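Peer 1: A structural model of the following input is requested.
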Amino acid sequence: MKMDLVSLTTTFVIACLATLAYASDPSPLQDFCVAVKDADAAVFVNGKICKDPNMVVAEDFFLSGLNKPGNTSNRVGSRVTPANVNQIPGLNTLGISAVRIDYAPNGLNPPHTHPRATEILVVLEGTLYVGFVTSNSANPSIKNKLFTKYLYPGDVFVFPEGLIHFQFNVGKTNAVAFAALSSQNPGVITIANAVFGSDPPINPGVLTKAFQVEKNVIDYLQAQF
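Peer 2: The predicted structure follows:
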């Protein structure tokens, strides 16, 4: 059952505003610093250089299309549609971005991390099983702790910055969620892709030792990516 659109929109706006208070990016020193496209930048900086303020237009702060479902016809059955500084140059230095996530039935947003952002997610449609895993304890005998929750339309969940997390559609229908992140460019590291699909590949000797499995298992996993 779909929730009232106004209520969901209000929830999402509040979520976005909440991230501003904890933004991990440096605070702006002027009203705005609209990003120049990387291809047009004469130098590389930590972030993006500013466009001439006299050349800034409303379109620099605008993006349309997040009302449209993403194509989930892929191996994991999900699609993330970003709204970060690469799509909205006006987000440069503002410490916030957003995504729309679509999930087919049994669709998964695989375990991943955002190295530069905390994420707050609100479910619009469907039922999601979500969770995150803590970082390593100072005591090596203590295992990483898993926090999980089943989410329904209108529910909100937070994934702390840098921690491995995931979302899995456990329902029989499509699911949709929106998330706000506390960085203009939060980055993403999908764990399986990074470990088993890097270019060049990680030496199998490293992975067999790390995962305590035979080399043929590593060879199989690397072949999937």
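
Peer 1: who does the one helix or strand residue 222 maps to touch, helix- and strand-wise?
Peer 2: Element membership for residue 222, per DSSP states H and E: helix 215-223. If you count contacts as 3 or more C-beta pairs under 8 Å, 6 or more residues apart in numbering; DSSP states H and E, helix 215-223 packs onto helix 191-196, helix 204-211. Any C-beta I mention is one placed from the backbone N, CA and C, and that applies to glycine too.

Peer 1: Tell me what angle the last one forms with helix 215-223.
Peer 2: This means helix 204-211. Helix 204-211 and helix 215-223 are oriented at 100 degrees to each other (axes from the mean of the first three to the mean of the last three C-alpha atoms, to 10 degrees).

Peer 1: number of nearby residues for residue 148?
Peer 2: 13 (other C-beta atoms under 10 Å).

Peer 1: and it, that one's in a strand?
Peer 2: Yes. Residue 148: assigned to a strand according to DSSP: H, G, I helix; E, B strand; the rest coil.

Peer 1: Work out for me the element the residue nearest to it when sequence neighbours are not counted sits within.
Peer 2: The shortest distance from residue 148 to any non-neighbouring residue, by C-beta to C-beta, 6 or more residues apart in numbering, is to residue 131 (3.5 Å). Per DSSP H and E, residue 131 falls inside strand 128-133.

Peer 1: quick one on the thing from earlier: if I look at the residue nearest to residue 148, how far off is residue 90?
Peer 2: 33 Å (C-beta to C-beta, to the nearest Å).

Peer 1: quick one, what contacts the nearest residue to residue 51 once chain neighbours are set aside?
Peer 2: In space, and not counting its chain neighbours, residue 51 is closest to residue 34: 4.2 Å by C-beta to C-beta, 6+ apart. The contact partners of residue 34, by C-beta atoms under 8 Å, 6 or more residues apart in numbering, come to 50-51, 53, 56, 60-61, 89-90, 92.
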